[in-house]
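Enquirer: Structure for this input, please:
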Amino acid sequence: MKQTQQPRKMLDKKHILEVIAQELELQGYGKSQQLLLDLNSMNDIITNCKVFPWNSVAERLEMDRWRLYHWYFETFQRMLLGGVDKQDQTTIKNLIREALLKNVPLSKQYQQVIKSKLTQDYHRSSFSIAFNNQKRQVMKELEKDNKLPHHIKANYNEIQAFLSQQSQQIRQIKDSRQVSFAHEDVMQSSPQTKANLDNMIRNFVPAIQQRDYFPQASQQQLMDFLQESSSTTAEFVQTMHKKIYGYNQVLEEHKKQNELLGEDFENQQINYLMEQLKKLQEEATELQE
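Expert: Take a look at the predicted model:
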């Protein structure tokens, strides 16, 4: 039976801004209540902040990191700073199309050229929002007409889920090893019956592993697990390394395309994911040491 997709939870603008202001206060940028009284100044601080802990803010808000990014840098900033008028949006779109067809990088320098052809000066965030929106529209149109190679899109949510799942698996393996000495003593002092082995599993193995594997395990399988064959860990680590390598390849290719397309902000997201993949790889390698 097909499951009904749950509607996305409405975002609470007031609460999101309060949590962001609290984070800025922790970093020494002033009292949160004062920051909330001048949202333009608070936005300037965030825009100029080289390292802002969006991941931590997203966790406190119990929302997806990428959804928070999108809401703040597109929806909220456009509402706060105002948008680019229709005439200038058309100018931006035409100049982006011209650049992509001529394989001209949409660099910071080229963006300055575009700005010089607009009817008025705009806040840099307002321009960036309009520039990125028009760029996506042009790319979609050119790809549809086969005038532009398909833009590789990394699945950020898939990679984030992989990071979470594999980190949990590593913790389970470490937990199992921490009790290995205890269950060795029990195995030596107790008859190795199916009932005794089941009891050892309940006492010494993380609950999630009990749920996923051991209810159907035979006596020999239980013995094999309690003796913890190193080949199982080696296979797990090898599979993880292959997956990490694949994700890094996609992210590197996406990063190169973003550099051509002027997607500096999205490359910050890619750099974050690549750092997390590197940490995961190091943790996996430690299991074999």
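Enquirer: I'd like the distance from the helix or strand encompassing residue 20 to the chain centre, please.
Expert: Assessed by DSSP states H and E, residue 20 sits inside helix 13-26. Relative to its chain's centre, helix 13-26 lies at 21 Å (Cα atoms, centre = their mean, to the nearest Å).
Enquirer: Report all helices and strands that the very next helix or strand once past it contacts.
Expert: Downstream of helix 13-26, the first helix or strand assigned by DSSP H and E is helix 32-37. Where contact means 3 or more Cβ pairs under 8 Å, 6 or more residues apart in numbering; DSSP states H and E, helix 32-37 is packed against helix 13-26, helix 39-48. C-beta: built from backbone N, CA, C; applies to glycine.
Enquirer: Tell me which residues of helix 32-37 come out buried.
Expert: 32, 35-36 (16 or more other Cβ atoms under 10 Å).
Enquirer: rewinding a little: among the helices and strands packed on helix 32-37, which is nearest residue 268?
Expert: helix 39-48 (12.7 Å; Cβ to Cβ).
Enquirer: in the closest one, what's buried?
Expert: Neighbour-count burial for helix 39-48 [16+ other Cβ under 10 Å]: 42-43, 45-46.
Enquirer: Buried residues in the next helix or strand after that helix, which are they?
Expert: Remark: after helix 39-48, the chain's next helix or strand is helix 54-61, criterion DSSP H and E. Within helix 54-61, the residues that count as buried by 16+ other Cβ under 10 Å are 54, 57-58, 61.
Enquirer: C-terminal to helix 54-61, what's the next element?
Expert: Using DSSP H and E, the next helix or strand after helix 54-61 towards the C-terminus is helix 65-70.
Enquirer: which SS state does residue 146 fall under?
Expert: When classified by DSSP: H, G, I helix; E, B strand; the rest coil, residue 146 comes out as coil.
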